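In: this one's structure only:
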């Protein structure tokens, strides 16, 4: 009977440099390098590929970390960029740029239930309408829309569903550790060398206890590899951190929705221009071939005022456009205008109202100094942001009015054109096509606004609306007399600029959207605040001399105890236990494994990790064997009683064979392992052999019939 049942073995077409199991699902993320490229590949337990993701830029991936609920994977780069990817389809949920290269990451759950928090009740769902879903992909393509809860668009960062607080610890350039709550809101950064008072200290990785009371850093000084611990003064601020983080996450989602809406508006407008030019540019081309000095606008005005078309226009109306084509053409352009109107009225104005509401909530928190001063929200930046959001909303209303005016004139233009085509064909005019003075005025206005000779001598510009969607000043600003808000501004006394929403008559909507985006990002992504002042009792705990160390760390928080496991050499791993401010260690040594079936030559320690709260997993190899076989060994933490823990720096070592009766192990012949990934929650482990470029996956609590006499195992862990 064998245990640690092997589920699958597969060849990998590349070098695997990092593996990590999803904490909630039977998925494993691999970082694979080969042929000068790298990609993140997600495999199921059966080794089917869920998706593969290649970075868009030529930068190296340095680390990966799963969010505790398993729904999001964070990828860190040498450029300092962080990307949050959806576990379902690798959709990019959020991107953030840190000032330094990412060297390691850890995503830590915090023992705090958000449902029991009473400091702040966020009731926005009860009065803010849900945003209409946006189609995924280009507006020109038929694609599915989001079919999730009604407020999904306000939670694109996927943090509203989080029932417990979690913190992403990002180590950058082995100097600073950034704290990103829910992976989105940057609470601040810790300058570890300054915290320790040792300028030459390098940070290898970081962890925080599940109750947020203790930070633990795996560090390397000039002489020793060790652990740096510090007490966290923000432990009692969990509820405030949760409230601000959730609010900022919602604003991030709304900002992403606003960007996509702006892009779709630009695409929709381009479609209108393409449709207009597709039909009418043929007329412009004919005039160019005829070397006509008249513009397209002149031809239409001549027909309107004198009833006599030019030869080019008459040929275009009778031969190219035709009456039935004109109706389809008019209906197509009108539907595109209505789509643009819907994007502004239903999507853009809705998201701007929601942005104002949530930014205003942050502004209120910034003024509540007693509770939120430590978050360092800027009242000035928030006030400026509210002004910019409001100004953008007013500009969107101005564009909406321009679309309405243009649409009315466009309908009059097509109605008049249909009448003239019937006259040219000597057909009877229906009563509905009678011409009024107001319609003539609308046609003239449409021709002057959209086919002006200076702007488009042989084509269409549609300036009245199109100018608002360009990233440049308006060529023809709206008249102040037509805006009640402009009239109100004219009546205001000097010095009222900060009281009412500013008016930008010469700015386009696209310009204000960019200005608003920059203002919101200054609020959400300010320069990281140093958190060193909130930490106390920093202690450097030397573990092993640098000359002997390999510098591999892993951490585990179990209730109020924080464990750090350091692989110091090919023979020893030091387990450091920090409990109630007291730090002790026990040195585990791989001897000849006397008393267990793995005995023989001196084993070499390859890798180590915490399997779960109760077990350590060690990966060892036997270099004396001809095939350099490997062994997977599990050590119960409960077997390491308090009497074995020694003061820090103790040279006393405990042979792993001491726990022979309680060890769990499996020997693997012809498989030289170099990398280990375990998940106690999913009861699985993955072993990678760089020599064979192969991965084996084991179920740790399953059994199978003994099929290979050379594989020797003990009983599985009782979970």
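Out: That came through, no problem. Not measured: the values here are computed from a predicted model.
In: The nearest residue to residue 475 once chain neighbours are set aside: how many residues sit nearby?
Out: Sequence neighbours aside, residue 467 is the residue nearest to residue 475 in space, at 5.3 Å (criterion: C-beta to C-beta, 6 or more residues apart in numbering). Where you see a C-beta, it was placed from the backbone N, CA and C, and this is true even at glycine. Residue 467 has 21 neighbouring residues, counting by other C-beta atoms under 10 Å.
In: And residue 97, by the same measure?
Out: 10.
In: dump the residue contacts of it.
Out: The contact partners of residue 97, taken as C-beta atoms under 8 Å, 6 or more residues apart in numbering, are 79, 80, 81, 82.
In: 7 Å - rerun?
Out: Listed by C-beta atoms under 7 Å, 6 or more residues apart in numbering, the contact partners of residue 97 are 80, 81.
In: and what of residue 526?
Out: Shown in contact with residue 526 (C-beta under 7 Å, 6+ apart): residue 378.
In: For it, report the pLDDT, please.
Out: Per-residue confidence (pLDDT) for residue 526: 84.
In: same question, residue 649
Out: Value for residue 649, per-residue pLDDT: 75.
In: pretty sure it is touching residue 542, no?
Out: Yes - look at residue 649 against residue 542 with C-beta atoms under 7 Å: they come within range, at 5.9 Å.
In: Comparing these two, which residue is more hemmed in?
Out: Neighbours per residue (other C-beta under 10 Å) separate residue 649 from residue 542, with residue 542 holding more: 16 against 12.
In: so that one sits in a strand?
Out: Yes - checked against DSSP: H, G, I helix; E, B strand; the rest coil, residue 542 lies within a strand.
In: Number the chain from 52, please
Out: Right, with 52 as the first residue, what we last looked at is residue 593.
In: wait, what's in contact with it?
Out: Residue 593 touches 275, 277, 699, 700, counting by C-beta under 7 Å, 6+ apart.
In: Could you give me the PyMOL syntax to select whichever of the residues you listed are buried?
Out: To isolate in PyMOL the members of the contacts of residue 593 that are buried, counting by 16 or more other C-beta atoms under 10 Å, one can use:
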select buried, resi 275+277+699
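In: For the chain, which residue occupies the most central location?
Out: By C-alpha atoms, centre = their mean, the chain has its centre lying nearest to residue 145, at 1.3 Å.
In: got the contact list for that residue?
Out: Listed by C-beta under 7 Å, 6+ apart, the contact set of residue 145 reads 135, 208, 235, 303.
In: circling back to that earlier point, which two in the contacts of residue 593 are spaced the farthest apart?
Out: 275 and 699 (10.6 Å; C-beta to C-beta).
In: Show me where the stretch 452-601 of the chain has its strands.
Out: Along the stretch 452-601 of the chain, counting by DSSP state E, counting those that start in this stretch, strands occupy 586-596.
In: all helices of it, in order?
Out: 488-501, 514-517, 535-542, 560-575 (DSSP state H, counting those that start in this stretch).
In: right, so these: which one is the most enclosed?
Out: A comparison of those by mean neighbour count, using mean count of other C-beta atoms under 10 Å, puts helix 514-517 on top with a mean of 21.
In: quick one: contacts of that helix?
Out: 320, 450, 453, 454, 456, 457, 500, 501, 506, 526, 527.
In: For residue 330, state which of the residues you listed is nearest.
Out: residue 501 (14.0 Å).
In: surely residue 741 meets residue 66?
Out: Yes - Residue 741 lies in contact with residue 66 (C-beta under 7 Å); the separation is 6.5 Å.
In: Now the helices of the stretch 452-601 of the chain in TSV, please, with extra columns for distance to residue 639.
Out: What follows is the helices of the stretch 452-601 of the chain, written out as TSV (distance: least, C-beta to C-beta, whole Å):
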stretch	distance to residue 639
helix 488-501	80
helix 514-517	71
helix 535-542	73
helix 560-575	45
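In: Out of these, which gets the lowest mean score?
Out: The weakest mean pLDDT among these belongs to helix 535-542, with a mean of 66.
In: ok, residue 396 touching residue 452?
Out: No - assessed by C-beta under 7 Å, residue 396 is found out of contact with residue 452, at 11.1 Å.
In: between the two, who's got more neighbours?
Out: Between residue 396 and residue 452, residue 396 has the larger neighbour count (other C-beta under 10 Å), namely 16 against 13.
In: give me every residue that touches the closest residue to the more buried one other than its chain neighbours.
Out: Nearest residue to residue 396 in three dimensions, chain neighbours excluded: residue 451, at 6.1 Å (C-beta to C-beta, 6+ apart). By C-beta under 7 Å, 6+ apart, the contact list for residue 451 reads 392, 395, 396.
In: out of these, which one sits closest to residue 265?
Out: Using C-beta to C-beta, these come closest to residue 265 at residue 395, 51.6 Å.
In: on that earlier part again, in CSV: the contacts of helix 514-517, plus distance to residue 253.
Out: CSV is the format used below for the contacts of helix 514-517 (distance: C-beta to C-beta, whole Å):
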residue, distance to residue 253
320, 53
450, 54
453, 59
454, 59
456, 65
457, 63
500, 65
501, 64
506, 62
526, 57
527, 60
